[in-house]
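Undergrad: Just need the structure, nothing else, for what follows:
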Amino acid sequence: MNLPNVLTLLRIFFVPFLVGLLVQQPLRFEVRGISIPTDLLALVIFLVAAATDLLDGYLARRWGQVTTVGTLLDPIADKLLISSALIALVQIQQVPAWMAIIIIGREFAVTGLRGIAAAEGYTIRASDLGKTKMVLQVVAVTLLVIAIRRPQWRPVGIAWLWGVVLLALVSAVDYFRKFWRRVDESVKRRRRRELLLMERRRRLEERARRMASQLAEER
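TA: Sure, this is the predicted structure:
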């Protein structure tokens with residue numbers, strides 16, 4: 001287990017703490033007489049988790065520690081972080097539910113495509129559109145968490161979230177356009193090979209039966 005993968009797992013570890021702090025409004029923590037609002041603590045956790053997304057990829061490339069597990073696990077960690085934050089913000093009525101559904105639904109669709117591609121031996125890496133969407137999501141969620149205490153920031157956060165919705169749809173189309181045809185062709189080739197093997201096996205069995213029949217007649 002290398003450091004980049006540990007950072008990816010750490011991002012997943014942060015998810016339940018982020019959700020718990022966001023939905024348990026309003027609460028405050030007392031630390032040595034200092035009162036810390038839960039939304040502020042949630043914001044810090046979210047930003048630290050988002051920072052690990054940048055750091056793990058950078059370290060993996062810099063140290064030559066890019067692994068298949070890390071490549072597959074990293075986008076899952078991103079989706080868990082953003083999806084959980086959006087669901088929590090919907091719960092406290094900071095985000096319209098339909099916007100969260102579109103964004104999270106897109107993540108499920110792309111994750112399904114990644115799974116199909118992995119089964120066929122392909123690894124789908126994040127596109128530039130996907131990376132840009134991740135940056136917009138971090139900015140939008142940050143603004144909306146700030147808006148819990150400062151409602152005047154909410155329209156700005158929603159505007160950024162609109163950008164996330166549009167880019168999510170565009171990037172999803174881009175993923176499917178690039179990889180669906182390749183995966184579909186791979187599946188068809190594999191099925192053709194299986195059919196050819198079955199046909200060859202059937203012919204061999206028929207030949208063996210004919211030879212056995214001929215030997216029986218000669219006897």
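
Undergrad: What average pLDDT does the lengthiest helix in the chain get?
TA: Of all the segments of type helix in the chain, defined by DSSP state H, the longest one is helix 154-218. When pLDDT is averaged along helix 154-218, the result is 80.

Undergrad: Over to stretch 83-99?
TA: For stretch 83-99, the mean per-residue pLDDT is 94.

Undergrad: One more: stretch 133-141?
TA: What stretch 133-141 shows for mean pLDDT is 91.

Undergrad: packing partners for the longest helix of the chain?
TA: helix 97-119, helix 128-146 (3 or more Cβ pairs under 8 Å, 6 or more residues apart in numbering; DSSP states H and E). C-beta coordinates here come from the backbone N, C-alpha and C atoms, glycine included.

Undergrad: Quick check: Arg190 vs Arg149, distance?
TA: Distance, Arg190 to Arg149, using Cβ to Cβ, to the nearest Å: 55 Å.

Undergrad: I misspoke; the intended subject was Leu41.
TA: From Leu41 to Arg149 the distance is 12 Å (Cβ to Cβ).

Undergrad: Looking at those two, which is more packed in?
TA: Between Leu41 and Arg149, Leu41 has the larger neighbour count (other Cβ atoms under 10 Å), namely 18 against 13.

Undergrad: which SSE is the more buried one in?
TA: helix 38-62 (DSSP states H and E).
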